[in-house]
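Peer 1: Sequence below, structure please.
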Amino acid sequence: MSTTSPTDSKNVTDAFDIERQASVTAAAVQVAPKSLGAGSALALGAFGTTLTTLSLSLMEWRGVTITNVYVGNFFFIAAFGLVITAQWELSVGNGFAYTVFSAFGLFYAGYGAILTPAFGVAQAYGSDTAQYNNALGFFMILWTVFVFAFLIASLPINVANILVFFFVDLGFLTVAASYFADADGHAESARALRKTGGASCFVAGMVGWYIVFHLFLKDNSLLELPLGDTGRYFAKSRKREE
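Peer 2: Numbers count the residues shown, from 1 in each chain. You can find the predicted model right below:
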């Protein structure tokens with residue numbers, strides 16, 4: 001005589017019902033969300049280090065005017081640091097930071113290549129320094145336009161980001177003007193414009209360092225330096241998008 005109850009029969013049936021087991025297991029097990037550490041501090045530190053040292057040369061501090069010594073910064077700190085960190089930002093869905101970090105990383109790599117004799121960029125122009133300076137002016141002008149797009153896009157973020165892009169854009173514009181002045185033979189005007197561009201880039205680098213300290217202190221729960229949130233001024237446009 002069988003001693004198996006209807007309930008026991010149901011349990012036996014469920015034990016061999018693979019599809020039912022899978023659904024129960026899937027419902028019972030909750031997968032923890034993937035968490036990635038924020039790498040923005042590394043990218044902004046690389047940006048600030050490279051831009052600040054370059055700006056010191058543009059301002060001719062302590063008589064330094066030749067920027068080739070910063071090629072190491074351009075390639076190995078800025079280019080690698082910014083482009084690699086950009087991938088982390090893309091992973092967490094931050095498309096704006098990904099674009100900004102990638103763009104500046106590639107800019108520094110390109111500028112470093114121009115300064116590196118092995119690439120033969122300057123040598124290709126020979127004695128035609130006017131054409132070389134005009135070409136550099138075009139290079140900087142186009143990057144000025146690109147950074148201006150970042151400036152507009154940063155308006156709903158915070159004051160610190162706005163200041164970084166504003167002073168970088170102003171610095172790039174005046175450096176471009178200095179190349180055109182050199183091409184036209186106005187050496188003194190070109191020097192003054194370079195120093196102005198260097199001062200603007202120096203301010204941008206300092207604001208970048210401020211954001212780095214903001215991220216470090218916030219991450220360690222020590223204190224939170226204000227960045228000047230501007231998002232509340234664009235709340236209506238965000239609601240319309242939603």
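
Peer 1: any idea of the mean pLDDT for the helix ranked longest in the chain?
Peer 2: Counting residues, the longest helix found in the chain (DSSP state H) is helix 187-219. Averaging pLDDT along helix 187-219 gives 93.

Peer 1: who does that helix touch, helix- and strand-wise?
Peer 2: Where contact means 3 or more CB pairs under 8 Å, 6 or more residues apart in numbering; DSSP states H and E, helix 187-219 is packed against helix 40-58, helix 159-183. For the C-beta atoms, the positions are set from N, CA and C on the backbone; glycine is no exception.

Peer 1: So, low pLDDT: which residues of the chain?
Peer 2: By pLDDT under 70, the low-scoring segments of the chain are 1-38, 236-242.

Peer 1: And the residue nearest the centre of it?
Peer 2: Centroid check for the chain by CA atoms, centre = their mean gives residue 101 as the closest residue, at 2.2 Å.

Peer 1: so how far is residue 88 from that residue?
Peer 2: The spacing between residue 101 and residue 88, counted by CB to CB, to the nearest Å, is 9 Å.

Peer 1: Mind listing what's buried along stretch 47-61?
Peer 2: By 16 or more other CB atoms under 10 Å, the buried positions in stretch 47-61 come out as 47-59.

Peer 1: Over to residue 127: give its phi and psi.
Peer 2: When read as degrees, to the nearest 10, the backbone of residue 127 gives phi -90, psi 0.

Peer 1: Kindly tell me how buried it is, as a neighbour count.
Peer 2: If you count neighbours by other CB atoms under 10 Å, residue 127 ends up with 7.

Peer 1: go on, the one 5 residues further on?
Peer 2: The local packing count at residue 132 equals 20, with neighbours defined by other CB under 10 Å.

Peer 1: again, but for residue 218
Peer 2: Neighbourhood size, residue 218 [other CB under 10 Å]: 15.

Peer 1: So it sits against residue 224, correct?
Peer 2: Yes - with contact defined as CB atoms under 8 Å, residue 218 reaches residue 224; the gap is 5.1 Å.

Peer 1: any idea which element the residue nearest to the centre of the chain lies in?
Peer 2: helix 95-115 (DSSP states H and E).

Peer 1: That helix packs against which elements?
Peer 2: Secondary-structure packing of helix 95-115 (3+ CB pairs under 8 Å, 6+ apart): helix 40-58, helix 80-91, helix 121-124, helix 129-153.

Peer 1: and among the ones you listed, the most buried is which?
Peer 2: Among the helices and strands packed on helix 95-115, helix 40-58 has the highest mean neighbour count (mean count of other CB atoms under 10 Å), at a mean of 22.

Peer 1: roughly how far is that one from the heart of the chain?
Peer 2: Mean C-alpha position of helix 40-58 versus that of the full chain (CA atoms, centre = their mean, to the nearest Å) differs by 11 Å.

Peer 1: again, but for stretch 222-239
Peer 2: Using CA atoms, centre = their mean, the offset of stretch 222-239 from its chain centre is 19 Å.

Peer 1: show me what contacts the residue lying closest to residue 73 once chain neighbours are set aside?
Peer 2: Excluding its sequence neighbours, the residue lying closest to residue 73 (CB to CB, 6 or more residues apart in numbering) is residue 50, at 4.6 Å. By CB atoms under 8 Å, 6 or more residues apart in numbering, the contact list for residue 50 reads 70, 73-74, 77-78, 108.

Peer 1: And the residues you listed, which is closest to residue 189?
Peer 2: Set against residue 189, the nearest of those by CB to CB is residue 70 (24.3 Å).

Peer 1: Is the closest one in contact with residue 54, as I believe?
Peer 2: Yes - under the criterion of CB under 8 Å, residue 70 makes contact with residue 54 at 5.8 Å.
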